[in-house]
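Undergrad: Mind folding the following:
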Amino acid sequence: MKFIGMWNFGGGGTEEVTGVANENMPSHTENICYNEKTLFSGEFTNLSRTLVHVTLSGFGSATNFHRHDLRAYESFVVKNLPLSSMSVYVEAGETIGFHGMGSLVEAEDEDEYAIMLA
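TA: Numbers count the residues shown, from 1 in each chain. Reported below is the predicted structural model:
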């Protein structure tokens, strides 16, 4: 396994996200990596009193893994997922604080990739 680097939401880890007019469109989308053999481990945190939705997207047939609701000041941890991007959905007119940070590691062969996913 090879360490690729660290990922920080918005480049700094903690950013403000303002809701857009259409709540079915993401307020902020960010690419995490472009290689499906690269796995993400990290955490996403809602730093506000407003309900926020987060969608994690993968590669191929797993384009959208999960749309998760984050209540006020709630976090969730992700371990060894091949994430291509993530999106944050905020209600129109709301501005929230959001934190995301993690590490990226790459499998160097198919056997290692299978072990990392297990």
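Undergrad: Then residue 113 would be within a helix, right?
TA: Yes - assessed by DSSP: H, G, I helix; E, B strand; the rest coil, residue 113 belongs to a helix.
Undergrad: Look up how far residue 105 lies from it.
TA: Going from residue 113 to residue 105 by Cβ to Cβ, to the nearest Å gives 11 Å. C-beta here means a position set from N, CA and C on the backbone, and glycine is covered the same way.
Undergrad: residues in contact with the nearest residue to residue 91 once chain neighbours are set aside?
TA: Leaving out its chain neighbours, the residue that sits closest to residue 91 by Cβ to Cβ, 6 or more residues apart in numbering is residue 19, at 4.8 Å. Going by Cβ atoms under 8 Å, 6 or more residues apart in numbering, residue 19 touches 27, 89-95.
Undergrad: Most neighbours among the residues you listed, please name it.
TA: With neighbours taken as other Cβ atoms under 10 Å, the top of these is residue 90, carrying 24 neighbours.
Undergrad: Was I right to think it contacts residue 52?
TA: Yes - the criterion here is Cβ atoms under 8 Å, and residue 90 meets it with residue 52 at 5.9 Å.
Undergrad: that older thread, now the contacts of residue 19 in CSV, with pLDDT and distance to residue 14?
TA: Below are these laid out as CSV (pLDDT from 0 to 100; distance: Cβ to Cβ, whole Å):
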residue, pLDDT, distance to residue 14
27, 93, 16
89, 94, 18
90, 93, 15
91, 90, 20
92, 89, 22
93, 88, 21
94, 92, 17
95, 94, 13
